[in-house]
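> This is the structure alone, sequence omitted:
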């Protein structure tokens, strides 16, 4: 993990900059929950609450989200789109997924509606990236 150059100094924080950076980076890099990040840090001997991790993500997340996107390869010109019905908590939801020809996931969306407006919103978000 490499710290983004825009990551600020953390004067007055209880934990060192590297621990905060690692927590935020793992959250974005591996799409983990705050509880999962809390468990990862606990395995390494750092006791921190998931609320603290959430606050770090809200405060410093943009630095890592931007640098993670910059590190991705450019998407291929050909995309494959997939939609599937999944059940979460007894509710039927639609899972939309866009993958380029090299197998990189471009975007994932889960929503309750399946209509033209929802599809256009998903496609326009993909094109803007």
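Perfect, I can see it now. Since the model is a prediction, treat every value here as computed from it, not as a measurement.
> Which residue, other than its chain neighbours, is closest to the residue most central in space within the chain?
Geometric centre of the chain, nearest residue: residue 28, 4.1 Å, by C-alpha atoms, centre = their mean. Nearest non-adjacent residue to residue 28, counting by C-beta to C-beta, 6 or more residues apart in numbering: residue 64, 4.9 Å away. Every C-beta, even on glycine, is put in place using the N, C-alpha and C of the backbone.
> ok, now residue 109?
residue 96 (4.4 Å).
> what's the answer for residue 38, then?
In space, and not counting its chain neighbours, residue 38 is closest to residue 50: 4.5 Å by C-beta to C-beta, 6+ apart.
> Would you check how far apart the one you found and residue 15 are?
Remark: distance between residue 50 and residue 15 (C-beta to C-beta, to the nearest Å) = 14 Å.
> circling back to that earlier point, pLDDT wise, what is the residue nearest to residue 38 at?
Looking at residue 50, its pLDDT reads 92.
> Could you number the chain from 51 rather than 1 from now on?
New numbering, starting at 51: the last item is residue 100.
> so it makes contact with residue 90?
No. Contact criterion C-beta atoms under 8 Å: residue 100 and residue 90 do not qualify, at 11.3 Å.
> where do the strands sit along the chain?
Here the chain has its strands, by DSSP state E, at 129-138, 141-150, 155-161.
> Comparing the ones you listed, which yields the minimum mean pLDDT?
Of all the strands of the chain, strand 155-161 has the smallest average pLDDT, which comes to a mean of 82.
> Domain-wise, how is the protein divided?
Dividing the chain into domains by automatic domain parsing, as the record does, gives the ranges 67-121, 129-178.
> any idea how far the shortest one is from the chain center?
The gap between the average C-alpha position of domain 129-178 and the chain average comes to 16 Å, counting by C-alpha atoms, centre = their mean, to the nearest Å.
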